[in-house]
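[1] The following comprises the amino acid sequence and a computationally predicted model.
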Amino acid sequence: MISLRPARHEDKPGILKIASSTWEGWDYVPLFVDAWIEEGGLYVAENDAEIVGITKTTDLDQGELWLEAIRVSEEHRGKGWGFRIAREQLDLALAENPVSIRLSTADVNSASLAVIRRLGFILYAEFSYFLSDEPPVSSSATQSVPTNKYDIVSVGQDKASNAWEYITNSEEYKTSHGLLPHTWKFYDWTPERLTELIERGLVYEPVGSHGLVIFIQNRYAPGSLELAFIEGEENVLDLLVHFVQGKFREEVTEGKFAAYAAGARKKGLIRRIGLKPHPRVKKVMVFDYPLFHPTGKP
Ligand SMILES: CC(C)(COP(=O)(O)OP(=O)(O)OC[C@H]1O[C@@H](n2cnc3c(N)ncnc32)[C@H](O)[C@@H]1OP(=O)(O)O)[C@@H](O)C(=O)NCCC(=O)NCCS
């Protein structure tokens with residue numbers, strides 16, 4: 001019988017062993033294991049004192065719970081332990097009286113999808129996933145646009161409310177149900193999150209026209225940027241596309257160029273930038289657990 005308990009520092013070798021057999025040895029868990037043990041929310045599942053599974057719950061912001069990194073060691077998969085770990089993790093999350101419980105997975109991950117659906121999660125949003133190892137190259141449509149950096153400027157806090165209105169009126173905001181993508185994690189877009197991105201100098205706008213480009217640091221490769229948001233008036237779109245290409249080329253030091261798009265418009269702009277759809281993962285699916293509050297509102 002397996003049981004779940006909070007991870008301790010001495011569990012690290014057992015945790016890393018499981019991660020080493022996940023996805024042909026490429027797993028992001030080793031990047032975060034120390035920080036997760038410190039902050040809490042990382043659980044291990046033991047069977048006869050052997051670590052056979054892990055999972056992580058993160059409070060993104062005041063009850064916005066995010067579940068990730070569920071793993072069962074390769075030799076024990078398919079025995080029902082993944083479902084048990086996930087069930088227990090969900091029960092622990094529910095006991096925190098959360099505002100939301102969400103997670104994401106790839107459309108090709110059948111085992112993960114089976115667990116998620118059996119637990120009662122509901123599909124919340126679907127994103128196309130774009131990932132390149134090389135900087136995106138200009139399509140012929142954008143090659144003629146000069147790189148004039150002075151046409152696009154960093155947005156200051158004084159413009160935060162305009163930018164917020166721009167985001168919330170966008171097709172992408174509506175199609176994604178107000179989610180901000182961040183390397184397989186999806187947050188609720190809030191004015192506070194926008195303020196933080198502005199502070200980090202990741203939000204840009206064209207001068208004299210309406211538009212917005214927002215980058216976010218890649219969680220798995222801190223020297224890489226993801227394109228979090230792009231939208232603009234027709235006359236400025238080529239300039240925005242060119243700006244993103246230049247930023248990727250000049251500022252990304254670890255070769256990962258990624259973006260997620262729920263709506264047709266953002267997908268089209270990402271293609272114009274030259275980012276390629278991931279070869280295997282056609283959709284990143286975000287699920288939400290239905291919570292019912294005393295007010296009667298979900
Ligand atoms: C996802 C994972 C945790 C599931 O753990 P598990 O112990 O193998 O799963 P279980 O034995 O509890 O099976 C749960 C469900 O998945 C189904 N399933 C298990 N392996 C499967 C597979 N390879 N293909 C399709 N379905 C599968 C089971 O039939 C079961 O479905 P049911 O409840 O409808 O009968 C495990 O496969 C794993 O560690 N995968 C690698 C890491 C990963 O992808 N994590 C999730 C994304 S972050």
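    Great, that's in hand. Residues are numbered from 1 along each chain as shown.
[2] Just list whatever residues bridge to residue 129.
    Beta-bridge partners of residue 129, counted by DSSP bridges, are residue 260.
[3] ok, it - contacts?
    106, 258, 260, 277, 278, 281, 282, 283, 284 (CB atoms under 8 Å, 6 or more residues apart in numbering). To be clear about C-beta, it is placed using only N, CA and C from the backbone, and glycine gets the same treatment.
[4] Stretch 62-78 spans what distance, first to last residue?
    Taking CA to CA, to the nearest Å, stretch 62-78 runs 35 Å from one end to the other.
[5] Tell me the buried residues in it?
    By neighbour count with 16 or more other CB atoms under 10 Å, stretch 62-78 contains the buried residues 64, 65, 66, 67, 68, 69, 70, 71, 72, 73, 76.
[6] The third one against residue 184, yeah?
    No: using CB atoms under 8 Å, residue 66 makes no contact with residue 184, being 10.0 Å away.
[7] neighbour-wise, which of the contacts of residue 129 leads?
    Within those, residue 260 tops the neighbour count with 30 neighbours, counted by other CB atoms under 10 Å.
[8] Tally up the residues packed near residue 29, please.
    19.
[9] Enumerate every residue touching it.
    15, 16, 18, 19, 22, 54, 69, 71.
[10] Would you check which pair of those lies furthest apart?
    For the contacts of residue 29, the farthest-apart pair by CB to CB is 16 and 69; their separation is 12.6 Å.
[11] that older thread, so which of the buried residues of stretch 62-78 also contact the ligand?
    For the ligand, the contacts drawn from the buried residues of stretch 62-78 by CB under 6 Å from any ligand atom are 68, 69, 70, 71, 72.
[12] what's the helix or strand for the first one?
    Residue 68 is located in strand 64-72, with elements delineated by DSSP states H and E.
[13] Distance from that strand to the middle of the chain?
    Chain-centre distance of strand 64-72: 12 Å, with CA atoms, centre = their mean, to the nearest Å.
[14] Could I get the average pLDDT for it?
    Strand 64-72 comes out with an average pLDDT of 98.
[15] buried sites along the next helix or strand after it?
    With elements assigned by DSSP H and E, the helix or strand that comes after strand 64-72 is helix 81-95. Within helix 81-95, the residues that count as buried by 16+ other CB under 10 Å are 81, 82, 83, 84, 85, 86, 88, 89, 90, 92, 93.
[16] now stretch 265-274
    For stretch 265-274, burial by neighbour count (16+ other CB under 10 Å) applies to 265, 266, 267, 269, 270, 271, 272, 273, 274.
[17] Just send these back as a markdown table, with distance to the ligand and pLDDT too.
    Formatted as a markdown table, the buried residues of stretch 265-274 follow (distance: CB to the nearest ligand atom, whole Å; pLDDT from 0 to 100):
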| residue | distance to the ligand | pLDDT |
| --- | --- | --- |
| 265 | 29 | 98 |
| 266 | 24 | 98 |
| 267 | 24 | 98 |
| 269 | 28 | 97 |
| 270 | 23 | 97 |
| 271 | 27 | 96 |
| 272 | 31 | 96 |
| 273 | 27 | 96 |
| 274 | 28 | 95 |
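[18] Identify the farthest-apart pair in these.
    265 and 274 (16.8 Å).
[19] Residue 5 should be in a helix, yeah?
    No: in this structure, residue 5 is strand, not part of a helix, as judged by DSSP: H, G, I helix; E, B strand; the rest coil.
[20] how about it, what does it touch?
    Counting by CB under 8 Å, 6+ apart, residue 5 touches 43, 44, 46.
[21] Could you point out the member of those residues that lies closest to residue 172?
    Nearest to residue 172 out of those is residue 43 (CB to CB; 33.8 Å).
[22] for that closest one, helix, strand, or coil?
    Residue 43 falls in the strand class when you classify it by three-state DSSP.
[23] where does it land on pLDDT?
    The predicted local confidence for residue 43 is 98.
[24] how near is it to residue 37?
    In this view, residue 43 and residue 37 are 11 Å apart by CB to CB, to the nearest Å.
[25] Need the overlap of contacts for these two.
    Shared contacts of residue 43 and residue 37, defined by CB under 8 Å, 6+ apart, comprise residue 7.
[26] Which one of those two is surrounded by more residues?
    The residue with more neighbours, out of residue 43 and residue 37 and counting by other CB under 10 Å, is residue 43; that gives 23 against 19.
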